[in-house]
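Asks: How does the following fold in three dimensions:
(2 chains)
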Amino acid sequence: ETGVTQSPTHLIKTRGQQVTLRCSSQSGHNTVSWYQQALGQGPQFIFQYYREEENGRGNFPPRFSGLQFPNYSSELNVNALELDDSALYLCASSYGPEVGRGYEAFFGQGTRLTVV
Amino acid sequence: AQSVTQLGSHVSVSEGALVLLRCNYSSSVPPYLFWYVQYPNQGLQLLLKYTTGATLVKGINGFEAEFKKSETSFHLTKPSAHMSDAAEYFCAVSGDFGNEKLTFGTGTRLTIIP
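Replies: Okay, the predicted model is just below:
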């Protein structure tokens, strides 16, 4: 059983550019969530995809967008990058909404994005 | 709305001493509670979780946590600290179906003194 993998591991972009981060979910998982972790902070929920549909969004502007593919892998796209977008971006996969189970996420290693 | 508060951004304990990391939650529905650990330059690893049932939850690496509804707390403990326990620890809360996102605390950095 493979775990959650993210690519790339590190990325440097210039303010105003666009970036795409990728995530392969753990085998058998159909839900992917993305989190932003600024330096010294806890992760903040960006959005979640369940069976290719957005299933909840945090307090992030529309320039943060995502996709989930039929194999349940996912992309996070950020347009018009700002300096404050510099952070560790974490992808988490799970088996999906299950009544009475809550939410158990398995995280990837993250992508460190630096905006200069 | 759900939230968690971690008391103490930095905790230092001697090797072999008790580890106690504090977490209080706020939730309008029965919460699901988690502790995650993060080593430098890595993602998050699940230590333990509380969903329903037994309020004392045992996790990996000798950690355990007790859900106390009356105190809205979910503190993490380990009887004897090891050097390898040095890391950042995050408490998190989630809801049930339809509210699966994790809401994290700000984290507690645990330092182990030799």
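Asks: got the residues of chain B near chain A?
Replies: Applying Cβ under 8 Å from any Cβ of the partner chain, we find that chain B lies next to chain A at B:32, B:34, B:36, B:41-46, B:49, B:51-52, B:90, B:92, B:94-107. Yep, even glycine has a C-beta here, placed from its N, CA and C like the rest.
Asks: Could you pick out the buried ones from those residues?
Replies: B:32, B:34, B:36, B:43-44, B:46, B:49, B:51, B:90, B:92, B:94-96, B:99-105, B:107 (16 or more other Cβ atoms under 10 Å in any protein chain shown).
Asks: Find the helix or strand that the residue nearest the centre of chain A is a member of.
Replies: Here the mean C-alpha position of chain A is nearest to the C-alpha of A:W34 (Cα atoms, centre = their mean), at a distance of 2.6 Å. Using DSSP states H and E, A:W34 falls within strand A:31-37.
Asks: Tell me which residue in chain B sits closest to chain A.
Replies: B:Y32 (3.0 Å; Cβ to the nearest Cβ).
Asks: how much space is there between that residue and A:V4?
Replies: 20 Å (Cβ to Cβ, to the nearest Å).
Asks: now swap in A:T20 and tell me
Replies: For A:T20 relative to A:V4 (Cβ to Cβ), the value is 17 Å.
Asks: higher neighbour count, the two?
Replies: A:V4 (23 against 14; other Cβ atoms under 10 Å in any protein chain shown).
Asks: can I assume the more buried one is in contact with A:G110?
Replies: No: using Cβ atoms under 8 Å, A:V4 makes no contact with A:G110, being 9.9 Å away.
Asks: coming back round to it: what about the residue nearest to the residue nearest to the centre of chain A when sequence neighbours are not counted, which SS state?
Replies: Spatial nearest neighbour of A:W34, excluding adjacent residues (Cβ to Cβ, 6 or more residues apart in numbering or on different chains): A:I46 at 4.3 Å. At A:I46 the chain is in strand, as set by DSSP: H, G, I helix; E, B strand; the rest coil.
Asks: now the strands for chain A?
Replies: Counting by DSSP state E, chain A has strands at residues A:5-7, A:10-13, A:19-24, A:31-37, A:44-50, A:53-57, A:64-68, A:74-78, A:87-94, A:106-107, A:111-115.
Asks: got CSV for the ones you listed, with mean pLDDT too?
Replies: Listed next are the strands of chain A as CSV, based on pLDDT from 0 to 100:
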stretch, mean pLDDT
strand A:5-7, 96
strand A:10-13, 97
strand A:19-24, 97
strand A:31-37, 94
strand A:44-50, 93
strand A:53-57, 90
strand A:64-68, 96
strand A:74-78, 97
strand A:87-94, 94
strand A:106-107, 91
strand A:111-115, 97
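Asks: how about these, which one is nearest B:G8?
Replies: Of all those, strand A:31-37 sits nearest to B:G8, with 19.2 Å by Cβ to Cβ.
Asks: List the contacts of the closest one.
Replies: A:23, A:25, A:43-51, A:55, A:60, A:66, A:68, A:72-74, A:76, A:87-97, A:105, A:110, B:100-102 (Cβ atoms under 8 Å, 6 or more residues apart in numbering or on different chains).
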